[in-house]
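Peer 1: Using only what follows, build the 3D model:
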Amino acid sequence: MTSLAPDPTPVELLQLFADPLRWQLLQELARSDRRVNELTALAAKPQNLVSYHLKALRNAGLVSGRRSSADGRDTYYRVDLERCGRLLGSTGAALHPGIRLALLPPEAVPATTGRAPRVLFLCTGNSARSQIAEALLQERSGHTVDARSAGSHPKVLHPNAVRVLAARGIDISARQTKHLRRFSRTHFDVVITLCDRVREVCPEFPAHPALAHWSIPDPALEGDTDEASFGAFERTAEELDTRIGFFLPQLTTPANP
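Peer 2: Numbers count the residues shown, from 1 in each chain. Reported below is the predicted structural model:
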């Protein structure tokens, strides 16, 4: 996600992060995309106050919003972790050139014990977004994560999903789409919904896995030509790849209070 907002100065950035409510909002959005009413409930603060601080974060380019595809009225907010990391790093360097923010390599998964973490990606058709996410998580983790995908109304695997991953050296051409009912009794550590519609109908899973939502538009609905459609799939793959890079360390690192 590329922000068009000018970079805040180091002092402005620290002032943004220093406010306890703004920090809480950033932490919540780092775990999952959220609507304003959800952030209001999580923060136990009035909506006008939450909206005021969200606006400050949006003006700084740290948070952005996407209109929900489920009803077209709500907006899902997400945090730009890449921008946050870059700005925090430059803020340290502004104090002293020897202070640098060391980011964990996104391909590295912290050491785990026992079985591989299990992650389920859900979208409506299981024909594009969730298939791409499943394959990317498997690849980025070195197949140390047991990633699966399914849909509420499975469709045929989209050829551009196959193409966009083939360009990354990943072959999913033989994979089948699956209904989420197939995994109704499977124990997952994390369930991630990628579609605003499927989030509304996501069932409960055994053992109460952690739930997260990544509000990502359906690339199959974009583009009037095959070239434009492939471009939409490429943007989707790029966004998923970035999110997965930041998600990997969360699998074995407890959330900070």
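
Peer 1: what residues does the top helix by length along the chain touch?
Peer 2: The residue-count maximum for a helix in the chain (DSSP state H) belongs to helix 226-247. By CB atoms under 8 Å, 6 or more residues apart in numbering, the surrounding residues in contact with helix 226-247 are 1, 30, 81-82, 106-107, 128-129, 132-133, 136-137, 140, 158, 160-161, 163-165, 168, 192, 194, 214, 216-217, 219-220, 222-223. From N, CA and C alone the C-beta is placed, and that goes for glycine too.

Peer 1: Pretty sure residue 156 sits against residue 175.
Peer 2: No - with contact defined as CB atoms under 8 Å, residue 156 does not reach residue 175; the gap is 11.2 Å.

Peer 1: Among those two, which residue is more densely surrounded?
Peer 2: residue 175 (16 against 10; other CB atoms under 10 Å).

Peer 1: Is that one in a helix, a strand, or coil?
Peer 2: Three-state assignment for residue 175 (DSSP: H, G, I helix; E, B strand; the rest coil): coil.

Peer 1: where are the low-confidence patches of the protein?
Peer 2: Regions of the chain meeting the criterion pLDDT under 70 cover residues 1-3, 102-114, 224-225, 252-257.

Peer 1: can you map out the helices along it?
Peer 2: In the chain, the helices defined using DSSP H lie at 10-18, 20-31, 36-43, 47-59, 81-95, 129-140, 159-166, 196-201, 226-247.

Peer 1: any idea of the angle the longest helix of the chain forms with helix 20-31?
Peer 2: 120 degrees (axes from the mean of the first three to the mean of the last three CA atoms, to 10 degrees).
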